[in-house]
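Trainee: please find the sequence and the predicted model below.
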Amino acid sequence: MTGGRYFVFLANDAATGERWRAALTAKAAHAGFDVTLASRDATVLTTRAALRVDNRGGDRGAEDCDGDDSGVVIGSAFRRGEVAAAATLTASEAQMLRDTRGGALIDLFWGDYVAILPDPHDGTSVVRAPFGDLACYYHACPAGMMLASDIDLLMRLGDYAPRFELDAIAAHLIAADIRHPATCLAGVRELTGGERLSLRGNASVEVIWSPWSCVTRERRCDDAALAARRVADTVCEVVAARTAHHDVTILLLSGGLDSSIVAAALARAQRCCTAITMVTRDAGGDERAHARATASHLAMPLIEIVRDTAMVDIAHSAAAGLPYPIARSFSQATMRAAETAAASLGASAIVHGGGGDNVFCALQSAAPVADLILAGKIGTDLPNLARDIAALAQTTTFAVLQQAMARVWRGRPDYRWRGDTSLLSVDAAGQREAALAHPWLAAPPGTMPGSAAHVALVLGALSLVQSPDARASLPSIAVLLAQPVIEACLSVPTWRWFDRGRNRAIARHGFSAMLPPGIAWRRSKGAMDSFIVELFERHRTHLKSLLLDGMLAAYGLLDRAAIAAVLDDTAPTRGHDYARVMRLADVEVWLRSWA
């Protein structure tokens, strides 16, 4: 996250606004904030400079804008095709932002921004960047509306008192990767990227950017070579922009395709970067050979670190202070290694390729074949695509074709997210329908099933940028999850993402000249499951007391008998229950962090 921290108060009336403005102005310097905007309706405090959306023209400081109806764009906004974040807005851009209540931001810019804009029809509009990792939490109070980059500021500057929202916690336990506006803290909601919060007496939220706009026939790029160039150029542009203000970075290089693509983009941008690869003791998670191949090819220094359970404190939650229990304990090992390397090398950011599988359409279903049939392309592409997917799914070409025809005949493109109710109580499992309800999972009429599945994949990656920790001194940047990359990838029809028996083919073709052939077209992928097993086995006794006598159990959200059976089983660890127990423990520790 690069946009700093901010707190906004939007008053219900002028007298209240004046009182809050005076109080916040007095607190600002002591709290390390500047008064970025002090208008009739809004008081905005930020830790970093922001773009003014001026209604009078010219550059003015905040002290010159007391009582006017200027707006402000907090964070980083990049013009399309530019690597440097915008330092000012032109008069025409500012006018467009005002006239469209911030909608023009979506078309003209991308980045990590939250815009606070006066509404032409009286009131205020708040717009958050699609896939921007500057969070926007809001809480209504009797005097008005408070918005902030983090819960700590709602508490310190807005007197918010945290309480748990049990239904939201249950929904998180069922589908952790589906982020909802209602957070796990009562009274706090989050504005999703691509949404506009309008305050005209009452508060309302509307969608002004949707992934569905990217999969229409009009946006479709069916030329594989052109699509590969577009995707590669867009990724390189975004990586260069997101790292432009960091002289030294740390790259989490697994050795897989996605992180290797990020490495290639960093090298093309001539960024000073050191890579870290994390290794498990089990051979299945030892990707050193692949990481070395990429690092050597790009002349990038590489640090190799073996994961050790001593690097993880399962009683600590890295999500402490966040409104969702999003942190996983096993990731502490990676973050500790990256932070140590950053301190040693003077790096100011951690960069990674998280979400690459999702963005680059790593499907293993027959849905892309159904798309090809629905598009009327039943020539030689059809059997080739079916063979590619069959090789990925380890099934027969006939089975893939049969499943594809079933999808065509079914006529409903919606992706079916499964969710996980295992080890939960009956009451908690009752939140399944609410947990799986999301507008990105409701395909518009005419959508192809493969496109619906690709959008669902993108939804699964949204959690990586949706709710970052604004307090972090060392940002962790998911560079592949940016609006231009998402739009470029979703515009590619799903059948073009497969070639040579592999998925993510467009990305492979786009970066094949920048990577070793063994990396660009590798089929296998390492896994760190064995490390989670090590953690489970080492902490089995503690996990039992943590969960059976903890807050989740006290709130009636767990099936205590089922959890006890898993933890009492002395047979070699297998299946998926161990991973489920570890996820439940992460949520339990998050709950306790608020005590």
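Mentor: Nice, thanks for sending it over. Numbering: from 1, shown residues only.

Trainee: pretty sure C272 sits against V248.
Mentor: Yes. Counting by Cβ atoms under 8 Å, V248 is a contact partner of C272 at 4.9 Å. Every residue, glycine included, has its C-beta placed from N, CA and C.

Trainee: tell me, how many residues neighbour F536?
Mentor: 22 (other Cβ atoms under 10 Å).

Trainee: ok, the residue nearest to it when sequence neighbours are not counted to L558 distance?
Mentor: Excluding the flanking residues, the one nearest F536 by Cβ to Cβ, 6 or more residues apart in numbering is Y578, at 4.3 Å. The gap separating Y578 from L558 is 16 Å, by Cβ to Cβ, to the nearest Å.

Trainee: ok, now G419?
Mentor: Per Cβ to Cβ, G419 is found 16 Å from L558.

Trainee: next one: F398
Mentor: 44 Å.

Trainee: ok, the two, which is more surrounded?
Mentor: Higher neighbour count among F398 and L558: L558, with 23 against 10, using other Cβ under 10 Å.

Trainee: any idea how far L464 is from I477?
Mentor: 10 Å.

Trainee: higher neighbour count, those two?
Mentor: Using other Cβ under 10 Å as the criterion, I477 and L464 rank with I477 on top: 24 against 20.

Trainee: so what's that one bridging to?
Mentor: Beta-bridge pairing for I477 (DSSP bridges): V351.

Trainee: pretty sure it sits against G355.
Mentor: No. I477 is not in contact with G355 according to Cβ under 8 Å; the separation is 11.4 Å.

Trainee: where along the stretch 301-450 of the chain do the strands fall?
Mentor: For the stretch 301-450 of the chain, applying DSSP state E, counting those that start in this stretch gives strands covering 302-306, 349-352.

Trainee: cool, and the stretch 151-300 of the chain?
Mentor: Using DSSP E, counting those that start in this stretch, strands in the stretch 151-300 of the chain cover 189-190, 195-200, 202-207, 248-252, 272-279.

Trainee: JSON lines for those strands, including mean pLDDT, mean neighbour count and distance to S260?
Mentor: Listed next are the strands of the stretch 151-300 of the chain as JSON lines, based on pLDDT from 0 to 100; neighbours: other Cβ atoms under 10 Å; distance: least, Cβ to Cβ, whole Å:
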{"stretch": "strand 189-190", "mean pLDDT": "97", "mean neighbour count": "20", "distance to S260": "32"}
{"stretch": "strand 195-200", "mean pLDDT": "93", "mean neighbour count": "20", "distance to S260": "33"}
{"stretch": "strand 202-207", "mean pLDDT": "92", "mean neighbour count": "12", "distance to S260": "34"}
{"stretch": "strand 248-252", "mean pLDDT": "98", "mean neighbour count": "23", "distance to S260": "10"}
{"stretch": "strand 272-279", "mean pLDDT": "97", "mean neighbour count": "23", "distance to S260": "10"}
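
Trainee: which one of these lies nearest to A143?
Mentor: Of all those, strand 195-200 sits nearest to A143, with 13.0 Å by Cβ to Cβ.

Trainee: the strands of the stretch 151-300 of the chain: which one's closest to Y415?
Mentor: The nearest among the strands of the stretch 151-300 of the chain, by Cβ to Cβ, is strand 202-207 at 18.1 Å.

Trainee: show me what that closest one packs onto, helices and strands only.
Mentor: Packing partners of strand 202-207 (3 or more Cβ pairs under 8 Å, 6 or more residues apart in numbering; DSSP states H and E): strand 195-200.

Trainee: neighbouring strands for the strand it packs on, and are they parallel or not?
Mentor: When DSSP bridges is applied, strand 195-200 pairs with strand 124-128 (antiparallel), strand 202-207 (antiparallel).

Trainee: among those strands, which is nearest P493?
Mentor: Of the strands paired with strand 195-200, nearest to P493 by Cβ to Cβ is strand 202-207, at 23.6 Å.
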